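K.L.:
With the input below, show me the fold.
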Amino acid sequence: MEGKKRCRMHGGAHGSGAPPGKRNGAYRHGMRTHEMIELRREISKLTRISREAITAYRS
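P.N.:
Here you go, the predicted model:
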């Protein structure tokens, strides 16, 4: 862009670039949303705790 330090499309200014989520044409399934990532972390944590409890019970 002439006379500018950053491109208006790719410059990183707030509101520039592609829209987030479903408004973005590349949105497909939602598996990488913040909510889904947090849900998978919680499930992993509960699975780990359950396995530790079962192991402790068996010994």
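
K.L.:
which residues of the protein score low on pLDDT?
P.N.:
When residues are selected by pLDDT under 70, those of the chain lie in 1-4, 6-17, 26-27.

K.L.:
at 90 instead, please
P.N.:
When residues are selected by pLDDT under 90, those of the chain lie in 1-33, 59.

K.L.:
What ranges does it have for its helices?
P.N.:
Secondary structure of the chain (DSSP state H): helices at 34-58.

K.L.:
Correct me if wrong: Thr33 contacts Asn24.
P.N.:
No: judged on Cβ atoms under 8 Å, Thr33 makes no contact with Asn24 at a distance of 11.8 Å. Where C-beta positions appear, they are placed from N, C-alpha and C, glycine not excepted.
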